[in-house]
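# task: produce atomic coordinates for the following.
(2 chains)
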Protein chains: 2
Amino acid sequence: MPNYQARVFVTLKPSILDPQGRTVERSLSHLGQPVSGVRVGKYIELQLEGEHTEVESRLKDIAENVLSNPVMENVRWELEERTLEPA
Amino acid sequence: MPNYQARVFVTLKPSILDPQGRTVERSLSHLGQPVSGVRVGKYIELQLEGEHTEVESRLKDIAENVLSNPVMENVRWELEERTLEPA
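Next up is the predicted model:
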């Protein structure tokens, strides 16, 4: 059965204040590294097995309903087939 | 001055136990969504201004020395120029 590597990116919606991002931004400026628009979110890697269409719909369900909170967060994901090295 | 959008991905080194990843993996199985290899990390977006080479070296410094802990974490990043819409 094909094996897939998924990467899920969860960020706060732009309209929501991101205190972590603000803190990182201020710390970086104090360190002499001026940056802007800092947003801190979650990055989740996971592997799924199955046919491509089935895995895609399962990943959508997992990303939208388990790994993120649709009220406050945006979520996007990437899916690529893993080529398993011969044992 | 050119404006750049950076995306930084911080994950625990594979040799390090990822309790968060384990918890997510178990919860997903209980929900009838068997997955494997779950790793939870940080995803940081930020914007930098300056010439490309200068921005690249600043981002390397920020990613490796501020946003991640080289002892326990791996870090990688992406950098792309932002095309600013005319005001």
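
# residues from chain A in reach of chain B?
With Cβ under 8 Å from any Cβ of the partner chain as the criterion, chain A meets chain B at residues A:5, A:9-11, A:21, A:24-25, A:27-28, A:31, A:33-49, A:58, A:61-62, A:66-67. Quick note: C-beta positions are derived from backbone N, CA and C, even for glycine.

# which of these fall within helices?
A:21, A:24, A:25, A:27, A:28, A:58, A:61, A:62 (DSSP state H).

# ok, and the closest non-adjacent residue to the residue in chain A positioned nearest to chain B?
Residue nearest to chain B within chain A: residue A:43 (3.7 Å; Cβ to the nearest Cβ). Residue nearest to residue A:43 in three dimensions, not counting chain neighbours: residue B:43, with 3.7 Å by Cβ to Cβ, 6 or more residues apart in numbering or on different chains.

# and for that neighbour, the neighbour number?
When neighbours are counted by other Cβ atoms under 10 Å in any protein chain shown, residue B:43 registers 20.

# surely it touches residue B:11?
No - shown here, residue B:43 and residue B:11 do not form a contact pair, counting by Cβ atoms under 8 Å, at 9.7 Å.

# which residues are common contacts for these two?
Common neighbours of residue B:43 and residue B:11, counting by Cβ atoms under 8 Å, 6 or more residues apart in numbering or on different chains, are residue A:43.

# point out where chain A drops to low pLDDT.
Along chain A, the parts satisfying pLDDT under 70 run over A:84-87.

# that older thread, would you reformat the ones in helices among the residues of chain A next to chain B as a markdown table and include neighbour count?
As requested, these are exported to a markdown table (neighbours: other Cβ atoms under 10 Å in any protein chain shown):
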| residue | neighbour count |
| --- | --- |
| A:21 | 19 |
| A:24 | 20 |
| A:25 | 21 |
| A:27 | 13 |
| A:28 | 20 |
| A:58 | 20 |
| A:61 | 12 |
| A:62 | 23 |
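
# residues contacting residue A:44?
Contacts of residue A:44 by Cβ under 8 Å, 6+ apart are A:7, A:8, A:10, A:67, B:21, B:24, B:38, B:39, B:40, B:41.

# make it 6 Å
A:8, A:67, B:40 (Cβ atoms under 6 Å, 6 or more residues apart in numbering or on different chains).

# the residue lying closest to it once chain neighbours are set aside and residue B:19, how far apart?
Leaving aside its sequence neighbours, residue A:44 sits nearest to residue A:8 (Cβ to Cβ, 6+ apart; 4.4 Å). Using Cβ to Cβ, to the nearest Å, residue A:8 is found at 18 Å from residue B:19.
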